[in-house]
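A.B. asks: Pasting the sequence and the predicted model now:
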Amino acid sequence: MGYLDVLRYLYHKRPMGKIKPGLERISLLLSLLGNPHTKYQVIHVGGTNGKGSVTNMISNVLISQGYRVGSYYSPHLSTFRERIRLNEEFISENDVETIYQQMEPVLKRLDEDEVFSPSFFETVTAMAFLYFAEKNVDVAVVEVGLGGRLDATNVVSPLCSVIVTVDRDHEKVLGNTIEQIAWEKSGIIKNGTPVVTGEEKIEALKVIEEVARKKESKVFAFNRDFTVEVESLKLFENRFNYLGEKVLKDLALTMNGPHQLANAGVALKALEAIDLSVSESAIREGLKKAKNLGRFEVIEKDGKRFVLDGAHNPHAARSLVKSLKLYFKEPLNLIIGVLDDKDRAGILKEFRNVFDRIILTQVPSPRMKDLDGFVAIAKEILGNVEIIEDPLEALKIADEKSVTVVSGSLFLVGYVREYLETGKIGEEWYL
């Protein structure tokens, strides 16, 4: 079975949109594979926004220190291979085939009973854990998929549990209040294991603290136990001081946005909280190398500047607007599509009076079926909008005098990013 055949199997036999909460299936699957997730140390990273960035920062610092690092991300933007990485290099197509072939007999056995049949995310998580074991990683930095308590990644026994932020998203699954969502995300806290959080809302922090107290785990909270001081913000060169157990002055971060400096603080505190040796030089080098695709990512092509940001909830949209105002003085255009199951109105309200031109487009995902409904909401909230259904046609509005922002969905950002980077849309999008 070739690489694209494996993806067809994963996407169609185990559809991505089918959520199957619970740890029973993933635990059984991993046990039949020899429990690969117990063969290395793990740092577990959850939260509503920022978890991918923090995962990337921690990974790059550890790599700079000389550790062999596995990292696991979700979702991917342009290629499935982005999800599973060794020293931040994407898993190869050949390794995807090999890992699947090893798992295939076990998957067939479990598929005999629907109760035990693993979901897409459970299967991919097991693939990542098995890959990391086979590549003899020292540490795996694992991003939570959804929530925390019942997420397939929550079978690990980590050195540290990180909850970057808590905000409203996936409310049908996680609950309608900040407290409910915080409780679900706090499910990754393990007994006697340090917890690091960038969350400051009192109602969320109270829940995290209560769960940690019952687990006898110490909580390190942003702007209480550690913080950052912003020195300067410049595109691709953001300077700050870290004040934690150690004080580190004049650190440089390539990732853009003031929220990323807070994320860097969370990453550095997580590294302080664990028993792994990390030098100041590794911290400086790792932060410069850190890059999170599709999160305030600036791409220049043919003299035109694009900002790709997969903001798909109001909190992320707010951060995007703040960063745009800080870094750009040019006119701003927006190309946006938002999935049916997201808080479309909440996202669009954050974009009022920000953009000179707004283009509504179709997200290349079956999760956006109601373009007409999106258009109606956008017209009510934003007024003068244009509709160009094909995202690649929408890109033609870009010119040298303005900045074109693509946002609202990671699917949309991934699709556009692949086209801007390669000039075409790869086969994976058509599976």
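C.D. replies: Good, I have the coordinates. For clarity, every value in this text was computed on a predicted model and none was experimentally measured.
A.B. asks: gap between His44 and Glu82?
C.D. replies: 19 Å (C-beta to C-beta, to the nearest Å). All C-beta atoms are positioned from the backbone trio N, CA, C, and that covers glycine.
A.B. asks: And those two? Which one has more around it.
C.D. replies: His44 (28 against 17; other C-beta atoms under 10 Å).
A.B. asks: who does the more buried one bridge with?
C.D. replies: Val142, Ser161 (DSSP bridges).
A.B. asks: Could you say which helix or strand holds the residue lying closest to Lys424 once chain neighbours are set aside?
C.D. replies: Nearest residue to Lys424, sequence neighbours excluded (C-beta to C-beta, 6 or more residues apart in numbering): Glu418, at 7.7 Å. Glu418 belongs to helix 410-422 when assigned by DSSP states H and E.
A.B. asks: If you count contacts, what does that helix end up packed against?
C.D. replies: For helix 410-422, the packing partners by 3 or more C-beta pairs under 8 Å, 6 or more residues apart in numbering; DSSP states H and E come out as strand 297-301, strand 304-309, strand 332-336, helix 391-394, strand 403-407.
A.B. asks: Was I right to think Ile26 contacts Val156?
C.D. replies: No: at 10.6 Å, Ile26 does not count as touching Val156 under the criterion of C-beta atoms under 8 Å.
A.B. asks: Looking at the two, which is more packed in?
C.D. replies: Ile26 (25 against 20).
A.B. asks: That one sits in which helix or strand?
C.D. replies: Going by DSSP H and E, Ile26 is in helix 24-32.
A.B. asks: Extract the CA atoms of that helix and return them as CSV.
C.D. replies: Provided in CSV are the C-alpha atoms of helix 24-32 (Å, rounded to 0.1, in the frame of the first residue of the first chain):
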residue,chain,number,x,y,z
GLU,A,24,-10.4,2.7,26.0
ARG,A,25,-9.8,2.2,22.2
ILE,A,26,-6.4,4.0,22.1
SER,A,27,-5.2,2.2,25.2
LEU,A,28,-6.1,-1.2,23.7
LEU,A,29,-4.5,-0.3,20.3
LEU,A,30,-1.3,0.8,22.0
SER,A,31,-1.1,-2.2,24.2
LEU,A,32,-1.4,-4.5,21.2
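A.B. asks: picking up where we left off before, tell me the angle of the helix holding Glu418 relative to strand 304-309?
C.D. replies: 150 degrees (axes from the mean of the first three to the mean of the last three C-alpha atoms, to 10 degrees).
A.B. asks: now helix 410-422, how far from the chain's geometric center?
C.D. replies: Helix 410-422 has its C-alpha centroid displaced from the chain centroid by 16 Å (C-alpha atoms, centre = their mean, to the nearest Å).
A.B. asks: Next, the angle from it to strand 403-407.
C.D. replies: Going by the same axes, to 10 degrees, helix 410-422 is angled at 140 degrees with respect to strand 403-407.
A.B. asks: Need the mean per-residue confidence for helix 410-422.
C.D. replies: On average, the pLDDT along helix 410-422 is 96.
A.B. asks: And for it, what's in contact with it?
C.D. replies: 75-79, 293-294, 297, 299, 301, 306, 308-310, 312, 335-337, 339, 361, 363-365, 367-368, 391-392, 395, 406-407, 424-426, 429 (C-beta atoms under 8 Å, 6 or more residues apart in numbering).
A.B. asks: which stretches of the protein have low pLDDT?
C.D. replies: 15-19, 168-175 (pLDDT under 70).
A.B. asks: Which residue ranges make up each domain of it?
C.D. replies: 3-289, 297-430 (automatic domain parsing).
A.B. asks: Could you tell me which of the contacts of helix 410-422 count as buried?
C.D. replies: Using 16 or more other C-beta atoms under 10 Å as the burial test, these include 75-79, 293-294, 297, 306, 308-310, 312, 335-337, 339, 361, 363-365, 368, 391, 395, 406-407, 425 as buried.
A.B. asks: tell me the contacts of the residue sitting furthest away from the middle of the chain?
C.D. replies: Among the C-alpha atoms of the chain, the one most distant from their mean position (C-alpha atoms, centre = their mean) is that of Glu112, at 32.9 Å. By C-beta under 8 Å, 6+ apart, the contact set of Glu112 is empty.
A.B. asks: Phe222 now?
C.D. replies: Phe222 neighbours (C-beta under 8 Å, 6+ apart): 197-200, 262, 265-266, 269.
A.B. asks: what about 7 Å?
C.D. replies: 197-198, 200, 262, 265-266 (C-beta atoms under 7 Å, 6 or more residues apart in numbering).
A.B. asks: Using CSV, list the CA coordinates for the longest helix seen in the chain.
C.D. replies: Longest helix of the chain, by residue count under DSSP state H: helix 93-110. Provided in CSV are the C-alpha atoms of helix 93-110 (Å, rounded to 0.1, in the frame of the first residue of the first chain):
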residue,chain,number,x,y,z
GLU,A,93,6.1,9.1,2.9
ASN,A,94,8.0,5.8,3.2
ASP,A,95,7.9,5.9,7.0
VAL,A,96,4.1,6.5,6.9
GLU,A,97,3.7,3.4,4.7
THR,A,98,6.0,1.3,7.0
ILE,A,99,4.3,2.3,10.2
TYR,A,100,0.9,1.7,8.8
GLN,A,101,1.9,-1.8,7.5
GLN,A,102,3.1,-2.7,11.0
MET,A,103,-0.2,-1.5,12.5
GLU,A,104,-2.5,-3.0,9.8
PRO,A,105,-3.0,-6.5,11.4
VAL,A,106,-3.8,-5.0,14.7
LEU,A,107,-6.3,-2.5,13.2
LYS,A,108,-8.0,-5.3,11.3
ARG,A,109,-8.4,-7.3,14.5
LEU,A,110,-9.9,-4.3,16.3
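A.B. asks: Pull out the buried residues from that helix.
C.D. replies: Burial within helix 93-110, assessed by neighbour count using 16+ other C-beta under 10 Å, is assigned to 93, 95-100, 103, 106-107, 110.
A.B. asks: Compare the helices and strands packed on helix 410-422 and report which one is nearest to Thr227.
C.D. replies: Thr227 sits nearest to strand 304-309 of all the helices and strands packed on helix 410-422, at 25.0 Å, using C-beta to C-beta.
A.B. asks: quick one: strands adjacent to that closest one?
C.D. replies: Checking strand 304-309 against DSSP bridges gives partners strand 297-301 (antiparallel), strand 403-407 (parallel).
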